[in-house]
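*Asks:* Pasting a predicted model and its sequence here:
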Amino acid sequence: MRAWRHSCRKLIQPAVCEEAETHYLDLGSGEIGYYLYRILEGPDSPGGGMECSAGAKEEWSGISDLLKAGGKDVGRLREQRAQITSYLLREMEQAAAREVSAASDLSPHKDPPKLSKSTIRGTQTLPLAQEKPTLLIGITGDLAVTVAKDEEVAALMEEFVLQLEEDLRSASGKQWELHYFLLPKQSEAFYERIAVCWLIENSDLKLTDTFAKEPKLYEYIRQQMTSWALLSGKKNIGELEQDEFIEKLMPLSRQPTFERRAWEALEWFRLMDEDKSGTVTISEMLNYMLGNEELLRAVIRHRLFVGTLAGGTSSVQLTVVDPNPEADDEEVELHMAHMGNRSPVPLGVFPQDQWVTRPALIQWESMLVGTFDGESLLVPQVPKTPSSSRPLAGIRRFDVGEAFRRPQLRKQDTASSSASHSIFTRSSGEWPSGLRGIFICISSMFYAAKECGIHERLIRKQHALSALSSAIEDALKEGSDQPPGSADPKTLQFHQQKVANLSMAHSMVSRVLHDDAWLYFRRTWQTPTSSFVATWSLGVFLSGKRRDGKQATTGSFTRVRSRLDKASSSGDTWDAEQHKSGHWTRRLAAAVRFQRLGQRKGDIQHMD
């Protein structure tokens, strides 16, 4: 028993496994998801040294109500465990099949990446007694809230996990060991942000092609770079001398040490200084950056990426940060509402047995905008078994807006070799508006964009709204063309969820973003050897396994260094390393002298 465990199966914080691979189960209130992450051995492993296999999410009814009722409905709990077990076995088999397929697709002239012993075990026939894999369960959504605030429910959750472990062992023939941790919404958003930051810098976003085809995007980044890099020039407005340039661009380097980051920034300066004037202009900077995909991704990640828009079946959220290069800490705001693309029917906005009409859509959008404005809304109270023929049971005050505050929530930004910090704060109930910058849209926001054909490319706010509006009109027309009672319940449910999701994305983009904002909708992100999904599980794995955002390292089965409280970061040598950067000029000079000495030694050996 580890000291950091509350009980037999519960972990205090999210964790990673000591082996090269870690299995996660996302156990939410309405969906379950499986993720496998694997470290590739060797410092030159492609794809950042890691692979991922993400299972398709599956809907389930959840166990919150069952646990609140004291776990008396043993049959229903057994059914829930059976669904999870069946889902895990199916997704694990598919992950193994994808691994075999990927290995067979490798070029015969290219050596396959080395896999860990635990990975090789999965493809060999070994005695079952030798196989003791670990599954880490992240409890999210309303289920996490329920378990956290009720000791009796927490005890039942512990029993549920132990029984699930036995079911999985019996069905798989392997001695699985299950552990779980709670992820309240602010922690989930925290790790999602880590994942998104890493994906921006490690995926091929085809930015150089996009900038060539989008003159307005080029002009936007030119304006932002001018404001950030040149207007603050200490000696010449509009130009940066070498020391100013290095100070500003060094955080964009992904080199593991301070000296290497400074040296790479110096090399950038030399390459950008086309006329050898000893200064760099914005035109020279952009000419070089637009031909360097990696540096362009770093600029977007560190200076233009402002926040994420996300949604689901029962919630919608916005995380936003003001990228201030002069600040040691970045302040991150999380805004959340308990309204998702499945909410209109339970709230009585969409009749369960009817196609969505325009009046119902207008009411749903009004509720969304009212939520973003911080209003407590009066909505119908609907019976648990709604019927369009029944009168409304009454009304209740429904406060759907929620934001979280956890003082001094600090994080290590694993997407960069320079440590930065985040502080999650809460503003008022009203959501912000007029936000500029680049926003990454994930989860249900991605699916809304996919319906419109605007996913996986940078797009302006107005173009996104136009595409979403057209998709909403098409969906409404599709419903109006159908005779009453012509669709089965599943078809109606899909139609209602689709309309609700499209209008949720439209309302959110319209309400919170400035006309100058840009959006990027994506679910699956591709690296040279694997695809990833921007989820909390990737953020947890990165935080636990990767020190500097580029070279993967193996760790022990331990708490992730999540900076979730101020005490956890005290005395951290990583932070201490960054504080030395105040003397960057002296350290850079030492690095330059060392580099020149190495060059002279090489010249002498060559002459001999």
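*Replies:* Cool, the structure landed.
*Asks:* which one's the longest helix in the chain?
*Replies:* In the chain, with assignment by DSSP state H, the single longest helix is helix 74-104.
*Asks:* by contact count, what packs against that one?
*Replies:* Here helix 74-104 touches strand 21-27, strand 31-39, strand 50-54, helix 64-68, helix 151-172, going by 3 or more CB pairs under 8 Å, 6 or more residues apart in numbering; DSSP states H and E. Glycine gets a C-beta too; all of them are placed from N, C-alpha and C.
*Asks:* Let me see the mean pLDDT of that helix.
*Replies:* Helix 74-104 comes out with an average pLDDT of 89.
*Asks:* roughly how far is it from the heart of the chain?
*Replies:* Distance, stretch centre to chain centre, for helix 74-104: 23 Å (CA atoms, centre = their mean, to the nearest Å).
*Asks:* One more: stretch 62-78?
*Replies:* 31 Å.
*Asks:* Could you pull out the buried residues of that stretch?
*Replies:* Residues of stretch 62-78 classed as buried by neighbour count (16 or more other CB atoms under 10 Å): 62, 63, 64, 66, 67, 71, 77.
*Asks:* Just the pLDDT for the third one.
*Replies:* Going back to what we said before, that points to residue 64. pLDDT recorded at residue 64 is 89.
*Asks:* Output the below-cut-off pLDDT ranges for the stretch 201-350 of the chain.
*Replies:* Flagging of the stretch 201-350 of the chain using pLDDT under 70 yields the residue ranges 229-237, 322-331.
*Asks:* tell me which element residue 343 is part of?
*Replies:* Using DSSP states H and E, residue 343 falls within no helix or strand.
*Asks:* how close does the nearest residue to it once chain neighbours are set aside get to residue 429?
*Replies:* Distances taken as CB to CB, 6 or more residues apart in numbering put residue 314 closest to residue 343, at 6.6 Å, once the chain neighbours are dropped. Counting by CB to CB, to the nearest Å, the gap from residue 314 to residue 429 is 19 Å.
*Asks:* now do residue 333
*Replies:* 12 Å.
*Asks:* So the residue nearest to residue 343, which state does it fall into?
*Replies:* The three-state assignment at residue 314 reads coil, by DSSP: H, G, I helix; E, B strand; the rest coil.
*Asks:* I'd assumed residue 30 was in contact with it.
*Replies:* Yes - if you go by CB atoms under 8 Å, residue 314 and residue 30 touch, sitting 6.0 Å apart.
*Asks:* okay, and the common contacts of these two?
*Replies:* Counting by CB atoms under 8 Å, 6 or more residues apart in numbering, the common neighbours of residue 314 and residue 30 are 141, 342.
*Asks:* residue boundaries of the helices in the stretch 101-250 of the chain?
*Replies:* 117-121, 141-149, 151-172, 185-202, 207-213, 215-225, 242-249 (DSSP state H, counting those that start in this stretch).
*Asks:* closest one to residue 343 among those?
*Replies:* Among the helices of the stretch 101-250 of the chain, helix 141-149 comes nearest to residue 343, with 12.6 Å by CB to CB.
*Asks:* what helices or strands is that closest one leaning on?
*Replies:* With contacts taken as 3+ CB pairs under 8 Å, 6+ apart, helix 141-149 sits against helix 64-68, helix 151-172, strand 177-182.
*Asks:* wait, which of the ones you listed is closest to residue 11?
*Replies:* strand 177-182 (4.3 Å).
*Asks:* tell me the angle the closest one makes with strand 21-27.
*Replies:* If you take axes from the mean of the first three to the mean of the last three CA atoms, to 10 degrees, strand 177-182 sits at 50 degrees to strand 21-27.
*Asks:* Now tell me what touches strand 177-182 from outside.
*Replies:* With CB under 8 Å, 6+ apart as the contact definition, strand 177-182 has outside contacts at 9-15, 27, 132-139, 144, 147-148, 157, 161-162, 164-165, 168.
*Asks:* Whichever of those end up buried, select them in PyMOL.
*Replies:* To isolate the buried ones among the contacts of strand 177-182 in PyMOL, judged by 16+ other CB under 10 Å, type:
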select buried, resi 9+10+11+13+14+15+27+133+134+135+136+137+138+139+144+147+157+161+164+165+168
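*Asks:* which SS class is residue 520?
*Replies:* From three-state DSSP, the assignment for residue 520 is strand.
*Asks:* how near is it to residue 205?
*Replies:* Using CB to CB, residue 520 is found at 8 Å from residue 205.
*Asks:* which SSE is the closest residue to residue 249 other than its chain neighbours in?
*Replies:* If the residues on either side of it in the chain are set aside, residue 249 comes closest to residue 265, at 4.8 Å by CB to CB, 6+ apart. Using DSSP H and E, residue 265 falls within helix 258-272.
*Asks:* Name the residues of that helix that come out as buried.
*Replies:* 258, 259, 261, 262, 263, 264, 265, 266, 268, 269, 272.
*Asks:* Residue 208 - how many residues pack around it?
*Replies:* Residue 208 has 13 neighbouring residues, counting by other CB atoms under 10 Å.
*Asks:* contacting residues around it?
*Replies:* Each residue near residue 208 by CB under 8 Å, 6+ apart is listed here: 290, 291, 293, 296.
*Asks:* Secondary structure element holding the last one?
*Replies:* So that's residue 296. If you go by DSSP H and E, residue 296 is part of helix 293-299.
*Asks:* From the contact counts, what lies against that helix?
*Replies:* helix 185-202, helix 207-213, helix 282-289.
*Asks:* so which of those helices gets nearest residue 348?
*Replies:* Comparing those against residue 348 with CB to CB, the closest turns out to be helix 185-202 (25.0 Å).
*Asks:* Could you name the helices and strands sitting against that closest one?
*Replies:* Using 3+ CB pairs under 8 Å, 6+ apart, helix 185-202 is in contact with helix 293-299, strand 305-311, strand 316-321, strand 329-337, strand 421-425, helix 536-545.
*Asks:* Deepest-packed of the ones you listed, please.
*Replies:* When you average the neighbours per residue for each of the helices and strands packed on helix 185-202 (mean count of other CB atoms under 10 Å), helix 536-545 leads with a mean of 27.
*Asks:* Tell me which of residue 314 and residue 429 has more neighbours.
*Replies:* Neighbours around residue 314 and residue 429, counted as other CB under 10 Å, are more numerous at residue 314. The numbers are 20 against 17.
*Asks:* quick revisit: ok, the residue nearest to residue 249 - contacts?
*Replies:* Contacts of residue 265 by CB under 8 Å, 6+ apart are 245, 246, 249, 250, 252, 253.
*Asks:* Pick the one among the residues you listed closest to residue 367.
*Replies:* For the contacts of residue 265, the minimum distance to residue 367 (CB to CB) is 42.0 Å, reached by residue 252.
*Asks:* so what's the closest one up against?
*Replies:* Contacts of residue 252 by CB under 8 Å, 6+ apart are 265, 295, 298, 299, 302.
*Asks:* In TSV, list the residues you listed along with distance to residue 221.
*Replies:* Formatted as TSV, those follow (distance: CB to CB, whole Å):
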residue	distance to residue 221
265	19
295	12
298	13
299	8
302	13
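*Asks:* hang on, the earlier thing: between the helix holding residue 265 and helix 242-249, how many degrees?
*Replies:* Angle of helix 258-272 versus helix 242-249, following the same axes, to 10 degrees, is 110 degrees.
*Asks:* quick one: residue 285 and residue 305, what's the gap?
*Replies:* According to CB to CB, residue 285 stands 18 Å off from residue 305.
*Asks:* again but with residue 510, I slipped
*Replies:* From residue 510 across to residue 305, the span is 21 Å (CB to CB).
*Asks:* Thank you, goodbye.
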